[in-house]
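A.B. asks: What follows is a predicted protein model with its sequence.
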Amino acid sequence: MFTEDQFHEILDELISAYGYDFKSYSKASLRRRVERLMKLDQIEGYTELIFKIRNDPKYIDHFINEVSVNVTEMFRDPSFYKFLREKIIPIIATNPRIKIWHAGCATGEEVLSMAIMLKEQNLLYKSMLYATDISTEALSNFKKLKIPLSNMKLYTENYHASGGTGDFSEYYTAKYNHVIFDKTLMENVLYSVHNLVSDGSFNEFDLILCRNVLIYFDKDLQNRVFNLFNDSLSNHGFLALGSRENIRFSDIYDKYDQLGSEKIWRKTFN
Amino acid sequence: MDDQKCIVIGGSAGSLDFIFEHLNNFELHNNTIMIVVLHRKSSAHSSIENTFRNKTEIEVSEIEDKEKIGVNTIYICPADYHLLIEEDRSFSLDFSERVKFNRPSIDIAFEEVAKSYKKNAIAILLSGANNDGMLGCDHIQKYGGITIVQDPKVAVVPYMPNSAIEKGYATHVLNNNEIVEYINKIK
């Protein structure tokens, strides 16, 4: 659809027009995302794409939303959530306030999962959940708390496999072909647009979750983001990644201990 | 590394039967690597890596994001991720939309191997109940690689191999022992 040089022209245009820097994204996945968007929007060639980016101010939100991957699930990898529920949350529960950052939360299914676990341990009232994503559209979809009914069978199974013992259906109301989750779960959620590429640290957290987000970045950018997380974690804070992600090749590795076989690390004093 | 050969195996329903029966006979020569991309359920702690290890002397790795491709290794694509290959021959994982209801998509994995390995790519398409891998075989051939399709007569579920054969995307159609012989001759 476009050559290597043309691809770079598109990336340059995104920087000069809007300050979005995609140059450190994984090339293999970003190319696929842009090609997918062009097919979706029936854009013939890269000149037409650049023209749209440059001249249609509304197009950029759509571009960001489609190029970033917003696929997410509630209680994905139940064993990970079981570990959080049984081993990690009881540790941070002793803090007077619990601060958690969901970095790259997309449409928020993992934030909802966390809120449910905190509620079940009677900790939600003293927790602050910071839900950030690069995509404005994803965040506004999250705020609707609306999930397709067809996903609920998997989510219910995941919930129970993660150690949830309640009645999962009490957290939502079914309407036609979707469900709406209980708004009170989101009382302590702060939504904000945050770009991991260009935005800095904005608070100190007890737990940062960033699962299946860094896979879309190249190694250098991953390293930069790990340093951002390191700057944003309290001493003895926890960092949680996706099941096939690792901090092993980053320069914060020495300061962290992995807990069990899950992809959760704890910051140590060094 | 430029002469490294890559054998990529794709399969769905019924394909593990072939792999587990013949894995102990697989040999990888020179710096050849093998990538195994299967449709399978993600289990709590996927023991598939250990199951592979118990059946072969060859180094086995269930892929982690940005893992550098080594030599003489069998790489297993993790369940529920698409598999991509970067220009520097490292793996990237991708949790984007399913393709034709599949994640990993064999079509994507084959296309990525085709682009990276070109004439040094050998794709093997096994048993399965859908046509994932068919377009992938087309990519492998277009970039100069070879596609081996399991003979539908011996495949547990013949639909997947048949789809590729009917489109003319099979360089060779081989039975199980012939596939193993073919793999072991790659140098």
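C.D. replies: Structure received. Residues are numbered from 1 along each chain as shown, chains lettered A, B, ... in the order given.

A.B. asks: For the rest of this, base every contact and every neighbour count on C-alpha atoms.
C.D. replies: OK.

A.B. asks: Local confidence estimate at the single nearest residue of chain A relative to chain B?
C.D. replies: For chain A and chain B, the shortest gap (C-alpha to the nearest C-alpha) falls at residue A:244, measuring 4.7 Å. Among the per-residue scores, residue A:244 holds a pLDDT of 95.

A.B. asks: Where does it fall, secondary structure wise?
C.D. replies: Following DSSP states H and E, there is no helix or strand that holds residue A:244.

A.B. asks: What of residue B:107?
C.D. replies: helix B:106-117.

A.B. asks: buried ones in that helix?
C.D. replies: The neighbour-count check on helix B:106-117 (16 or more other C-alpha atoms under 10 Å in any protein chain shown) flags B:106-117 as buried.

A.B. asks: For residue A:27, state which of these is nearest.
C.D. replies: residue B:112 (12.1 Å; C-alpha to C-alpha).

A.B. asks: Please, where are all the helices along the stretch 51-200 of chain A?
C.D. replies: For the stretch 51-200 of chain A, the helices defined by DSSP state H, counting those that start in this stretch occupy A:59-67, A:78-83, A:89-92, A:109-120, A:136-143, A:152-161.

A.B. asks: want to throw those into JSON lines with mean neighbour count?
C.D. replies: Below are the helices of the stretch 51-200 of chain A laid out as JSON lines (neighbours: other C-alpha atoms under 10 Å in any protein chain shown):
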{"stretch": "helix A:59-67", "mean neighbour count": "17"}
{"stretch": "helix A:78-83", "mean neighbour count": "21"}
{"stretch": "helix A:89-92", "mean neighbour count": "16"}
{"stretch": "helix A:109-120", "mean neighbour count": "21"}
{"stretch": "helix A:136-143", "mean neighbour count": "18"}
{"stretch": "helix A:152-161", "mean neighbour count": "17"}
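
A.B. asks: Any idea which residue of chain B lies closest to chain A?
C.D. replies: residue B:64 (4.7 Å).

A.B. asks: For that residue, give me its contacts.
C.D. replies: Each residue near residue B:64 by C-alpha atoms under 8 Å, 6 or more residues apart in numbering or on different chains is listed here: A:244-246, B:91-93.

A.B. asks: which of those has the most neighbours?
C.D. replies: The most crowded member of the contacts of residue B:64, judged by other C-alpha atoms under 10 Å in any protein chain shown, is residue B:93 (28 neighbours).

A.B. asks: can you give me phi and psi for that residue?
C.D. replies: Main-chain torsions, residue B:93, degrees, to the nearest 10: phi -100, psi 160.

A.B. asks: ok, now how distant is the residue lying closest to residue A:142 once chain neighbours are set aside from residue B:7?
C.D. replies: Nearest residue to residue A:142 in three dimensions, chain neighbours excluded: residue A:107, at 4.4 Å (C-alpha to C-alpha, 6 or more residues apart in numbering or on different chains). Per C-alpha to C-alpha, to the nearest Å, residue A:107 is found 37 Å from residue B:7.

A.B. asks: Contact distance from chain B - what residues of the stretch 1-150 of chain A qualify?
C.D. replies: Taking C-alpha under 8 Å from any C-alpha of the partner chain, the part of the stretch 1-150 of chain A that reaches chain B is made up of A:26-29, A:69-71, A:77-79.

A.B. asks: Most neighbours of all the residues you listed, which one?
C.D. replies: Going by other C-alpha under 10 Å, residue A:29 tops the residues of the stretch 1-150 of chain A next to chain B with 26 neighbours.

A.B. asks: That one: which element?
C.D. replies: Judged by DSSP H and E, residue A:29 forms part of helix A:27-40.

A.B. asks: and the residue nearest in space to the middle of chain B, how far is that from residue B:50?
C.D. replies: Among the residues of chain B, residue B:9 comes closest to the average C-alpha position under C-alpha atoms, centre = their mean, at 1.9 Å. According to C-alpha to C-alpha, residue B:9 and residue B:50 sit 18 Å apart.

A.B. asks: Are there helices or strands packed against the lowest-mean-pLDDT helix or strand in chain B, and which ones?
C.D. replies: Within chain B, no helix or strand scores below helix B:48-53, which has a mean of 90 by mean pLDDT, DSSP states H and E. Packing contacts for helix B:48-53, counted by 3 or more C-alpha pairs under 8 Å, 6 or more residues apart in numbering or on different chains; DSSP states H and E, involve strand B:59-62.

A.B. asks: Give the next helix or strand downstream of the strand it packs on.
C.D. replies: Next helix or strand after strand B:59-62 toward the C-terminus (DSSP H and E): strand B:73-76.

A.B. asks: and that next one with chain A, contact?
C.D. replies: No - using C-alpha under 8 Å from any C-alpha, we find that strand B:73-76 stays clear of chain A, coming within 11.9 Å at best.

A.B. asks: Can you give the distance of that strand from its chain's centre?
C.D. replies: Strand B:73-76 sits 10 Å away from the centroid of its parent chain (C-alpha atoms, centre = their mean, to the nearest Å).

A.B. asks: Direction included, what does it pair up with?
C.D. replies: Here strand B:73-76 is paired, per DSSP bridges, with strand B:33-38 (parallel), strand B:59-62 (parallel).

A.B. asks: now the nearest residue to residue B:173 once chain neighbours are set aside: how far from residue B:115?
C.D. replies: Nearest residue to residue B:173, sequence neighbours excluded (C-alpha to C-alpha, 6+ apart): residue B:149, at 4.9 Å. Here residue B:149 is placed at a distance of 20 Å from residue B:115 (C-alpha to C-alpha).

A.B. asks: now swap in residue A:113 and tell me
C.D. replies: According to C-alpha to C-alpha, residue A:113 and residue B:115 sit 39 Å apart.

A.B. asks: follow-up on the earlier one: the helix holding residue A:29: which residues count as buried?
C.D. replies: With the criterion 16+ other C-alpha under 10 Å, helix A:27-40 contains buried residues A:27-31, A:33-35, A:37-38.

A.B. asks: Alright, I will stop here.
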